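K.L.:
could you look at this predicted model? Sequence included:
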Amino acid sequence: MRRTGIDLSSIRCNVVDAELSGRRRRGASGAFRVHHFTSVTHLDNAAALTAELKALSSFSRRAWVNLWDVRSSHQYLLLPSGSDAELESRARRYGASVLGMSDLDVTVATSIGTTRGEPGHHPKREVSFFAAGSEDIRARLRPIVEAGFVVEGVTTPCGALWSQARLRRPSLPGEVHAHIALGVSQSALGIFADGALLYARDLDWGYAAPTRGTPVAFDRELLADRLSIELRRSFLYLKQYWEQDVSQVLLCGDMPDLRSLTAPLIHRLNIEVETLDTLDGIEATTLPEGFAERAPTLRLASSIAVEPPPVNLLPVEITAIRTNRTGQRIVVFGSAAAVVVGAFLSGQANAHRINAERELARVRGEMSAARDEVVAANNTSAGGNGDRTLRDALDAMDAQGPAMARVLEAVGNAAPPGVTVTSLRATQDGDHWKVSVDAFAAGADQNAARELSDRFLRALHQSPIFGERAQPPTRRFVAASGRVEIAAAYRVRK
């Protein structure tokens with residue numbers, strides 16, 4: 001799938017429009033094709049940045065964004081075995097506590113791995129989580145969204161390195177590789193095995209000393225010393241829970257003459273060191289002019305465009321809106337005290353990035369604010385029933401907020417990349433809610449869209465929240481848009 005990767009920091013914005021070159025085997029390295037690339041300036045002026053991004057009319061408007069300047073946390077954990085929902089909840093609370101923020105103000109994304117057992121100990125599950133402040137992310141994305149890009153996902157530099165590691169698999173299964181992105185004043189380190197994250201760390205230093213104007217690079221030997229100390233510390237920490245040693249270090253980033261670090265690091269670490277300054281894994285026959293010279297700088301933007309990481313820090317806006325001018329009803333107040341939320345979960349919407357409790361509180365606030373307008377509208381035609389039904393809906397929201405939060409999380413968790421949920425509708429049905437889900441799947445062609453819709457419906461059916469169907473799901477291919485429209489309904493216990 002063709003996307004644009006945007007690698008954004010306070011000093012530069014690298015933009016790459018790319019896609020995988022054909023199909024690849026699961027677990028194998030992937031080659032990719034670059035369509036366009038550029039670096040955008042005027043980063044100190046949001047309006048100018050928006051204007052420059054808007055001018056990139058030939059770039060795919062579907063985008064993944066790597067944000068360097070958001071406060072974030074990421075960690076690999078071994079947690080006591082439990083359901084995926086329980087593990088996600090624990091990781092969410094832990095991520096918020098690490099940042100010193102309320103879990104309502106943090107977007108947390110998790111990737112749940114296999115179960116690990118050790119003699120004499122209870123089995124534990126591998127969980128990798130990423131966390132960042134939601135408002136910080138929204139502020140950084142605003143110029144990109146206003147430029148017309150549809151942001152499908154957000155990550156941090158360590159997440160972008162995860163994408164890179166998934167693209168560049170080791171030749172032997174089980175090998176452990178360390179990836180480093182060296183920036184001017186910030187860097188990132190990630191350690192991976194078989195495409196899974198084992199360790200991640202943001203570094204608040206780069207290859208140059210802080211200065212105004214053109215960066216002045218550190219002496220190569222001094223930089224190699226500092227980097228090797230950081231790597232040894234990371235390797236030692238990893239050894240506490242991972243038996244296999246790191247066998248290779250891979251370098252990318254903004255640093256000029258990156259390859260000059262290879263020999264000093266090999267000498268200090270006694271392992272293989274490779275710089276990603278070649279065209280390995282990149283289709284050279286159609287490469288835009290000038291990309292080869294800047295390949296190490298553009299690696300992160302390319303990687304997130306081609307192989308987005310398994311974790312997504314995009315905060316999803318779940319907003320209650322009164323009937324708009326086109327007559328589209330996003331929030332409906334009916335005699336059954338229905339609660340209907342328009343959940344526009346663009347792209348890869350998943351549970352780990354929905355602050356469901358907080359967004360439902362926002363829904364309630366907008367419903368309360370709508371009271372006067374609904375009453376005024378209904379007093380002229382329905383004798384004031386609008387106020388009563390609105391009050392019923394608000395009461396239902398108060399009583400069932402946590403349950404609805406779980407519903408929203410379960411839907412988000414089930415939606416793969418390419419599936420957009422357009423609405424959720426929950427009506428009371430005795431001791432259950434009847435939850436209706438409307439969505440569409442957009443793929444490269446009709447077959448791809450149908451496959452995405454099948455994955456979404458299977459995931460919903462397998463969820464412990466949506467186990468019981470209220471009616472058979474339906475799919476409808478719309479030739480005009482190339483999408484598959486999806487409708488499903490389930491009974492959810494209150």
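P.N.:
Structure received.
K.L.:
so where does the residue nearest in space to the middle of the chain fall, helix or strand?
P.N.:
Nearest to the centroid of the C-alpha atoms of the chain, with distances taken as CA atoms, centre = their mean, sits residue 312, at 1.3 Å. Taking DSSP states H and E as the definition, one finds residue 312 inside no helix or strand.
K.L.:
the closest residue to it other than its chain neighbours: neighbouring residues, count only.
P.N.:
Sequence neighbours aside, residue 153 is the residue nearest to residue 312 in space, at 4.4 Å (criterion: CB to CB, 6 or more residues apart in numbering). Where you see a C-beta, it was placed from the backbone N, CA and C, and this is true even at glycine. Here the count is done by other CB atoms under 10 Å, and residue 153 has 26 residues near it.
K.L.:
quick one: contacts for residue 153?
P.N.:
By CB atoms under 8 Å, 6 or more residues apart in numbering, the contact list for residue 153 reads 64-65, 304, 308-309, 312-314, 347-348, 417.
K.L.:
buried members of those into ChimeraX, please.
P.N.:
To isolate the buried members of these in ChimeraX, using 16 or more other CB atoms under 10 Å:
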select :64,65,304,308,309,312,313,314,347,348,417
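K.L.:
so which of the contacts of residue 153 are in strands?
P.N.:
Within the contacts of residue 153, residues falling in strands by DSSP state E are 64-65.
K.L.:
relative to residue 282, which of the contacts of residue 153 is nearest.
P.N.:
For those, the residue nearest residue 282 by CB to CB is residue 304; the value is 14.9 Å.
K.L.:
how close does the closest one get to residue 53?
P.N.:
Remark: distance between residue 304 and residue 53 (CB to CB, to the nearest Å) = 16 Å.
K.L.:
please apply the same query to residue 177.
P.N.:
Counting by CB to CB - residue 177 and residue 53 are separated by 33 Å.
K.L.:
again with residue 291
P.N.:
Look at residue 291 and residue 53: by CB to CB, they are 19 Å apart.
K.L.:
tell me which helix or strand residue 237 sits in.
P.N.:
helix 220-239.
K.L.:
quick one: buried residues of that helix?
P.N.:
So helix 220-239, judged by 16+ other CB under 10 Å, has buried residues 223-224, 227-228, 230-231, 234-235, 238.
K.L.:
kindly report the same for stretch 40-48.
P.N.:
In terms of neighbour count (16+ other CB under 10 Å), stretch 40-48 has its buried residues at 40, 43.
K.L.:
what's it in contact with?
P.N.:
8-13, 15, 49, 51-53, 142-143.
K.L.:
got CSV for these, with pLDDT too?
P.N.:
Below are the contacts of stretch 40-48 laid out as CSV (pLDDT from 0 to 100):
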residue, pLDDT
8, 95
9, 91
10, 85
11, 85
12, 87
13, 94
15, 97
49, 92
51, 92
52, 93
53, 94
142, 91
143, 93
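K.L.:
list just the nearest of those to residue 297.
P.N.:
Comparing the contacts of stretch 40-48 against residue 297 with CB to CB places residue 12 closest, at 8.4 Å.
K.L.:
now do the contacts for that closest one.
P.N.:
The contact partners of residue 12, taken as CB under 8 Å, 6+ apart, are 39-41, 43, 254.
K.L.:
also residue 102?
P.N.:
Residue 102 makes contact with residue 96, according to CB under 8 Å, 6+ apart.
K.L.:
repeat that for residue 76.
P.N.:
126-128, 197-200, 241.
K.L.:
how about the strands in the stretch 51-200 of the chain?
P.N.:
Taking DSSP state E, counting those that start in this stretch as the criterion, the stretch 51-200 of the chain carries its strands at 62-67, 72-80, 106-116, 124-133, 150-155, 176-182, 187-193, 196-203.
K.L.:
distance from the longest one to the middle of the chain?
P.N.:
A distance of 12 Å separates the C-alpha centroid of strand 106-116 from that of its chain, computed with CA atoms, centre = their mean, to the nearest Å.
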